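Asker: structure for this input, please:
(chains A, B, C, D and E)
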Amino acid sequence: MDFASLLGIISGLALIISAIFLGGNADVFLNVPGLMIVAGGTIAATLLTVQFKDVLNAFKAAWIVFTRDNTNPQEMIDTMLELSRVSHRHGLLKLGDVESDSHVLKRACNLLSEAASEQVIRNTLQNEIDSLIARHHSVQDVFRKMAAYAPAFGMLGTLIGLIQMLSQLSNPETIGPAMAVALLTTFYGSLLATMMFLPIAGKLHARTLTEVTNLEIIREGCISILTNDHYMHVYEQLASYLPEAQRKPIKIGRKQQQPPAAKPAAKAAANPVKERA
Amino acid sequence: MDFASLLGIISGLALIISAIFLGGNADVFLNVPGLMIVAGGTIAATLLTVQFKDVLNAFKAAWIVFTRDNTNPQEMIDTMLELSRVSHRHGLLKLGDVESDSHVLKRACNLLSEAASEQVIRNTLQNEIDSLIARHHSVQDVFRKMAAYAPAFGMLGTLIGLIQMLSQLSNPETIGPAMAVALLTTFYGSLLATMMFLPIAGKLHARTLTEVTNLEIIREGCISILTNDHYMHVYEQLASYLPEAQRKPIKIGRKQQQPPAAKPAAKAAANPVKERA
Amino acid sequence: MDFASLLGIISGLALIISAIFLGGNADVFLNVPGLMIVAGGTIAATLLTVQFKDVLNAFKAAWIVFTRDNTNPQEMIDTMLELSRVSHRHGLLKLGDVESDSHVLKRACNLLSEAASEQVIRNTLQNEIDSLIARHHSVQDVFRKMAAYAPAFGMLGTLIGLIQMLSQLSNPETIGPAMAVALLTTFYGSLLATMMFLPIAGKLHARTLTEVTNLEIIREGCISILTNDHYMHVYEQLASYLPEAQRKPIKIGRKQQQPPAAKPAAKAAANPVKERA
Amino acid sequence: MDFASLLGIISGLALIISAIFLGGNADVFLNVPGLMIVAGGTIAATLLTVQFKDVLNAFKAAWIVFTRDNTNPQEMIDTMLELSRVSHRHGLLKLGDVESDSHVLKRACNLLSEAASEQVIRNTLQNEIDSLIARHHSVQDVFRKMAAYAPAFGMLGTLIGLIQMLSQLSNPETIGPAMAVALLTTFYGSLLATMMFLPIAGKLHARTLTEVTNLEIIREGCISILTNDHYMHVYEQLASYLPEAQRKPIKIGRKQQQPPAAKPAAKAAANPVKERA
Amino acid sequence: MDFASLLGIISGLALIISAIFLGGNADVFLNVPGLMIVAGGTIAATLLTVQFKDVLNAFKAAWIVFTRDNTNPQEMIDTMLELSRVSHRHGLLKLGDVESDSHVLKRACNLLSEAASEQVIRNTLQNEIDSLIARHHSVQDVFRKMAAYAPAFGMLGTLIGLIQMLSQLSNPETIGPAMAVALLTTFYGSLLATMMFLPIAGKLHARTLTEVTNLEIIREGCISILTNDHYMHVYEQLASYLPEAQRKPIKIGRKQQQPPAAKPAAKAAANPVKERA
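Answerer: Coordinates of the predicted model:
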């Protein structure tokens, strides 16, 4: 799990829980029926709104995004530069042997080794990018819808509580506690939306942007390789996907014979070439 | 009716109803005039906003979406692969004999068998996609407008109740019950929007996305068939519409002589060819 | 006036009025100064926001949309098919004689009879579509702005009433009626927005969509006529603007000699041809 | 100042002020510290949000839009027709002598007289349109941001007042007046947003649309002139920017020798030609 | 720090603080647990939503935007004109020697000196613009998310306070102060969003627009230089990025021999040429 998420979830929960315990009796904040209306209602409305497999996919995606790291653009650029070097020394055909975790990178290498035209490579990879965006979007949408349903069910629960309380105004002393209970569902709904559904939707969105950048680096890199661009030119082309501070000047000449240790992500692409060459 | 919707509607209603009964007297939650203001007002404003036939279409579409299954993209890809196989063995002309439930697939096959140009096929199918999106959008819009009107009429009903109560503050003991009644319309409006109109609009939107994907698979598949792509190439082209996990490797060779039992949706396209071949 | 609007406005008002009368003294709901703040303020802010002629145009457009029917796409397709038949029998030149209520259709026929190029026809009609959308949009905008201003002035009126009441808390018995009066402007504002401005804006938007579809049918039909497409081909091209259920199979052959009675909207285009042919 | 704005501002203020005076003591509505929190806070946050020169530009633009008339599209079309006539009689070179208030029209005429290509003219004028939209957008944005900040500071002021009142609940009799004062800032914030910032933003937006239409008329007119279109053809091309009701049939022949008195805006363009011809 | 921001932050804080002190006891507005819930919760949820490095980048960007000036478009146009002059006198090759703070300008000059094609220059610079927009957008997004989370945690804190108060309604005299404390978190949340997060997000957005304009000036200027446009023509092309009032007429002839003192930003580009020429 990435450090920021862990820190965020622990500190966030700690703050809320300590605020509850500081106020004295914390058991007033636990109300199982209220919790069921909000959590259950949110899930029920979400099942009605989207397809069942989308809900499963959404939770699977949320699990992945918080536990698995993704390739960052810098590593992907290193991989593409390695591929460019391989192509220059051994020809495009050699790229067909490249092994990679990334399904798309492998497919792009196959297309390069088959000498596909620039148009075909561009279309194929753009297609992958478009459908990745579409698929990820529908997953994020599940959490965005949950973030909208949770406060709505919180308000419905509060309305039910208020109506029940107001219709039985026999004993004025019970008004306070009854209203406290009624407000609890609003609290649950807001808490779920603010601390759970919105952050997950945001994290998934950020992850999508990174993956799209990676695919775009693959696309531009492959086209540079195909048009047999110079090593340095490929880097310059791809470096515009990085913020200026992270771009590093590339030295040509002696350094090229002693390439710096390839970064982890580049190994997948670099190793097979070495082994089989 | 699909399982998720059934589960969602039953669990959602069960939660709300049990919350109402847990609080004691449930009959306070039934108020026919209040229900009429919210439901009637929502329908009245919707009739004013859209055309009558759009309202009818919207309810018909909602009925269809919850009762009828739609072709999933995997089946549509299988169908297109089957068509690709037919075209390779018997020529494009044979595609004119294909029968299918899908109006668009039939039309695309006719265009293929008439040897229409790639441009014509692309335009025709893109046109179908665009007008399908436009028509579906106006149907979803009806439910989105209802989801906006219902809480507005809920608030109007509550305002009417509050104004009546406040203008007759003779007996302080009636304030509670009167406010309970006034709040009921807000409750009705939120409940209708959250448990009915928003989920239906969402489901229709999700269904539209699936249908658009299917039409795009038809479009890309037909163009691949027209340009006489290899069976495996067609699959790779179309597989980008599926999430990575659902893509299956395609074996070439022996397997092709013993194709796995075509999936149900593919039968419509596959059968006539076998029968007539 | 179309039936749905009439039904909507009558049932909506009946519901609100009966809810007011059911609660006892209805005269508490009439407050002329409050009504003036909301209605007057909304109009004043609208005059400040848009140009005077846009306000006039908006009300004129609202009047037209509720009283005059518009050509539905089915009739427009029939008209275009009729024109296609005329062009096949008598040549493009004959289209110059066509008379029609629609300014755009007449202009398109003139362009056809002048043997304008496809590019010119497409540009000219696309220009008409774009500027129709822009003009209609600014008209809808007036009502959308009114729908936003009305509740805002309702809230301002309520704030004025509340501040006046709270600053003179001499007699606690007057609190109730004073708050009732203060809430009235909120009620007026919401009612105006929900039952008047939003439905009109929605109806205008729906009408715009239909008109755009009609213009697109004219555009595509004219280009089909120009490229001398077959009668059946023209129909197929245009039918994608209709939902699948409304498309009718076209028979070729005998039927063509005895065309079904042209629909009313088609008459304008069809008649002059017969008379002069 | 245009009549609608004047009417709007006078009637709006009259309504609000009369509502305040009708309620008795009007001096309760004047609270200088509250006014300073709302107006001052709004300006402070706006200065933090945008650049200083944008704030100045915004107020300058607001002053211009309410005091200076802008060329309406009808007049701009007349001007372009006049230019078309000049070009037909005296050649494109003569257009270089045209004088006009509009910087863009003058530049377009220079390009025409220099026999620039259609592509150059289209790009140059499209560039002007795009950057005009961008510049105007950032000016409108200032007022839109103010319309968002004003109610926010109103609420902050009310929260400050409520917290102060609630923490000193010694004397229940002061609750009413204290809450009245607290609510005042909410009133100020809503009033400023509804009667000042939103209308100004809306007016600026409407003005931008008109100016863009004018520039588009210049662009299309210049291209028509360049391709040496017929006078009537130029009119038809440009008339699609007008609503159908305002388009007037153009007579060719005798009328052309006695052109109707050019409209004021057209004079700038028409006069120099007469003087120098 | 720019003057407007300084003025804004000082006057805004002064207004809020004086409003607090005018109301008497100011210490009621300091509540450390409440502040921790709002500020801590906002940071926690933001860490959960975005990646850690994005949060760091966001605060770094906010620091830069308030402390460092950016090149204004006028200066960038002067720089491009200077480059145009250099290219006319010494040839495109000389542009390779230009030194500049701007990474993009330097790269563009290198491309020009390498005689890259117009297409390559346009693509490369457009790529830089697109990825700059994408990177800046994700930074602004951090503050926009914070501006949404802060009021949400303010409301959560208020709900916690209200529920605690209502469940212990033993002593009616404590209601006031307890509610004051509960409202404090809402106050903190709104204050943070309105005076801090929204202005920073707005300022970053404004800065992005200026930088994009600068890059577009570089792009258009380089293409004008490449196509060997006249000095005056380059200016006219670029001047459309400025509001009309700031454009200055360019005199040709004598003035060109005595160019006005180059503006500071232009020095970087102009100096090396003089030194090495």
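
Asker: mind listing what the residue in the stretch 1-150 of chain A positioned nearest to chain C touches?
Answerer: Chain C sits closest to A:Ala148 of the stretch 1-150 of chain A, with a gap of 20.8 Å, by Cβ to the nearest Cβ. To be clear about C-beta, it is placed using only N, CA and C from the backbone, and glycine gets the same treatment. Contact analysis of A:Ala148 by Cβ atoms under 8 Å, 6 or more residues apart in numbering or on different chains lists A:Ala193, B:Leu198.

Asker: work out for me the element it sits within.
Answerer: helix A:118-167 (DSSP states H and E).

Asker: and that helix with helix B:118-167, angle?
Answerer: 20 degrees (axes from the mean of the first three to the mean of the last three Cα atoms, to 10 degrees).

Asker: so how far is helix A:118-167 from its chain's centroid?
Answerer: Helix A:118-167 sits 14 Å away from the centroid of its parent chain (Cα atoms, centre = their mean, to the nearest Å).

Asker: any idea of the mean pLDDT for that helix?
Answerer: Average pLDDT, helix A:118-167: 90.

Asker: which residues in chain A form helices?
Answerer: Along chain A, the segments classed as helices by DSSP state H run A:3-22, A:32-35, A:41-49, A:52-67, A:73-90, A:103-113, A:118-167, A:175-192, A:198-226, A:231-239, A:254-257, A:264-276.

Asker: can you say which of those helices is packed in most?
Answerer: helix A:41-49 (a mean of 25; mean count of other Cβ atoms under 10 Å in any protein chain shown).

Asker: can you list the neighbours in contact with that one?
Answerer: Contacts of helix A:41-49 (Cβ under 8 Å, 6+ apart): A:55, A:142, A:145-146, A:149-150, A:152-153, A:156-157, A:189, A:192, B:4-5, B:7-9, B:11-12, B:15-16, B:194-195, B:198-200, B:202-203, B:206.

Asker: repeat the analysis, applying 6 Å as the threshold.
Answerer: Counting contacts by Cβ atoms under 6 Å, 6 or more residues apart in numbering or on different chains, the residues outside helix A:41-49 that touch it are A:145-146, A:149-150, A:153, B:4-5, B:7-9, B:11-12, B:15, B:199, B:202-203.

Asker: let's see it as PDB, backbone CA atoms only.
Answerer: Below are the C-alpha coordinates for helix A:41-49, written out as PDB (Å, rounded to 0.1, in the frame of the first residue of the first chain):
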ATOM      1  CA  GLY A  41     -29.100   1.900   0.900                       C
ATOM      2  CA  THR A  42     -26.000   3.100  -0.900                       C
ATOM      3  CA  ILE A  43     -25.200  -0.400  -2.100                       C
ATOM      4  CA  ALA A  44     -28.800  -1.100  -3.000                       C
ATOM      5  CA  ALA A  45     -29.100   2.100  -5.100                       C
ATOM      6  CA  THR A  46     -25.700   1.400  -6.700                       C
ATOM      7  CA  LEU A  47     -26.700  -2.200  -7.700                       C
ATOM      8  CA  LEU A  48     -29.900  -0.700  -9.300                       C
ATOM      9  CA  THR A  49     -27.800   1.900 -11.100                       C
END
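
Asker: flag the shaky bits of the stretch 1-150 of chain A, pLDDT-wise.
Answerer: Across the stretch 1-150 of chain A, the ranges flagged by pLDDT under 70 are A:1.

Asker: residue ranges with poor pLDDT in the stretch 151-277 of chain A?
Answerer: A:169-172, A:248-277.

Asker: switch the cut-off to 50
Answerer: Per-residue confidence for the stretch 151-277 of chain A (pLDDT under 50) gives these ranges: A:251-277.

Asker: what does it put close to chain B?
Answerer: Within the stretch 151-277 of chain A, the positions lying close to chain B (Cβ under 6 Å from any Cβ of the partner chain) are A:Ala152, A:Leu156, A:Leu159, A:Ile160, A:Leu162, A:Ile163, A:Gln164, A:Leu166, A:Ser167, A:Leu169.

Asker: 7 Å - rerun?
Answerer: A:152-153, A:155-157, A:159-160, A:162-164, A:166-169 (Cβ under 7 Å from any Cβ of the partner chain).

Asker: from C:Ser224, how far off is A:Leu47?
Answerer: 46 Å (Cβ to Cβ, to the nearest Å).

Asker: what do you get for A:Gln126?
Answerer: For A:Gln126 relative to C:Ser224 (Cβ to Cβ), the value is 31 Å.

Asker: and the residue of the stretch 151-277 of chain A closest to chain D?
Answerer: Taking Cβ to the nearest Cβ, the stretch 151-277 of chain A has A:Gly176 as its residue nearest chain D, at 16.1 Å.

Asker: ok so, going back, of the helices of chain A, which approaches E:Glu236 most closely?
Answerer: For E:Glu236, the closest of the helices of chain A is helix A:231-239, at 31.4 Å, according to Cβ to Cβ.

Asker: who does the closest one touch, helix- and strand-wise?
Answerer: helix A:73-90, helix A:198-226 (3 or more Cβ pairs under 7 Å, 6 or more residues apart in numbering or on different chains; DSSP states H and E).

Asker: right, and those - which one's nearest chain E?
Answerer: helix A:198-226 (3.4 Å).

Asker: anything in the closest one near chain E?
Answerer: Yes: interface with chain E: helix A:198-226 contributes A:Leu198, A:Pro199, A:Gly202, A:Lys203, A:Ala206, A:Leu209 (Cβ under 7 Å from any Cβ).
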